[in-house]
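Asks: have a look at this fold, sequence not included:
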């Protein structure tokens, strides 16, 4: 079975994060899907300077630790600067390298030295085969626990496209490959001062990725995406997650008979 990394784009409040984590744990336990909770303590690459960034590292990691302790869930979060790696590793099981930063050597090395699993998001401007260099930066820093995450490639202005063959190219590097079904439907900067998106296409891209043989899926979810403080247009409504995961399980079972 594929694994799942899911949660809200950013920590909006402790109450909301705990509620989403509980509901997602209940769903994935029922379906037998290995689950990691994800939320960001800081969104450092917002389109506009006025965009909501989150509670910051101290408060954010406190909340993520509470999720971990309350529901016994592994935790994934983004880091943006080398100094954040060691601190985030105290609460998190997976350190995620944002796509825009996937070639930042100091960031990759600092993340690798924590010994945690490192999830490197493929940059929108890189070819799948270029990610081999990012993987080697982590490996040569003494950490083989690394995986790659596809999140779409720039295709003209404010548009992303996904090349499903790239998922196989990255799997041939000998690392687990995750497909980010929600960021792949983004319209970067498409709303002028914020990112747009087409969440109605998440299901179809996720089905395609499962059929290609990815090791896991990454999806952001929110109880009310239209009023979310970050990435609302491409997040899956929390109330639709169980049915979506059931559909993806059926695809997985069909291609793995």
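Replies: Nice, thanks for sending it over. Predicted model, so just to flag it, every value in this text is computed and none were measured.
Asks: for the chain, what spans make up the helices?
Replies: Under the criterion DSSP state H, helices of the chain are mapped to 14-31, 57-71, 82-89, 105-112, 131-139, 165-171, 202-212, 241-255.
Asks: between those, which gets nearest to residue 234?
Replies: helix 202-212 (7.2 Å; Cβ to Cβ). The C-beta positions use only the backbone N, C-alpha and C, and glycine is treated the same way.
Asks: and the closest one, what does it pack onto?
Replies: Counting by 3 or more Cβ pairs under 8 Å, 6 or more residues apart in numbering; DSSP states H and E, the packing neighbours recorded for helix 202-212 are helix 165-171, strand 177-180, strand 216-222, helix 241-255.
Asks: will you turn the helices of the chain into a markdown table that also has mean pLDDT?
Replies: What follows is the helices of the chain, written out as a markdown table (pLDDT from 0 to 100):
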| stretch | mean pLDDT |
| --- | --- |
| helix 14-31 | 98 |
| helix 57-71 | 98 |
| helix 82-89 | 98 |
| helix 105-112 | 98 |
| helix 131-139 | 98 |
| helix 165-171 | 97 |
| helix 202-212 | 98 |
| helix 241-255 | 97 |
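Asks: any chance of those helices in TSV, plus distance to residue 37?
Replies: Formatted as TSV, the helices of the chain follow (distance: least, Cβ to Cβ, whole Å):
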stretch	distance to residue 37
helix 14-31	5
helix 57-71	6
helix 82-89	14
helix 105-112	19
helix 131-139	23
helix 165-171	24
helix 202-212	18
helix 241-255	13
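Asks: so can I have a markdown table of the ones you listed showing mean neighbour count and distance to residue 49?
Replies: Conversion of these to a markdown table gives the following (neighbours: other Cβ atoms under 10 Å; distance: least, Cβ to Cβ, whole Å):
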| stretch | mean neighbour count | distance to residue 49 |
| --- | --- | --- |
| helix 14-31 | 17 | 24 |
| helix 57-71 | 17 | 19 |
| helix 82-89 | 18 | 20 |
| helix 105-112 | 21 | 22 |
| helix 131-139 | 19 | 28 |
| helix 165-171 | 18 | 33 |
| helix 202-212 | 19 | 28 |
| helix 241-255 | 16 | 32 |
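Asks: out of the helices and strands packed on helix 202-212, which gets nearest to residue 153?
Replies: Of the helices and strands packed on helix 202-212, nearest to residue 153 by Cβ to Cβ is helix 165-171, at 7.8 Å.
Asks: other residues contacting that closest one?
Replies: Applying Cβ atoms under 8 Å, 6 or more residues apart in numbering, the contact partners of helix 165-171 are 122, 127-129, 131, 148, 150, 153, 177, 179, 209, 212-215.
Asks: rerun that using 7 Å as the cut-off
Replies: Taking contacts as Cβ atoms under 7 Å, 6 or more residues apart in numbering, the residues outside helix 165-171 that touch it are 128-129, 131, 148, 150, 177, 179, 209, 212-214.
Asks: what do you get for stretch 94-105?
Replies: 36, 45, 74, 76-80, 85, 88-89, 107-108, 111, 114, 116-124, 134, 137, 151.
Asks: what's the spacing between the residue nearest to residue 245 when sequence neighbours are not counted and residue 244?
Replies: Excluding its sequence neighbours, the residue lying closest to residue 245 (Cβ to Cβ, 6 or more residues apart in numbering) is residue 31, at 5.7 Å. Separation of residue 31 from residue 244 (Cβ to Cβ, to the nearest Å) stands at 11 Å.
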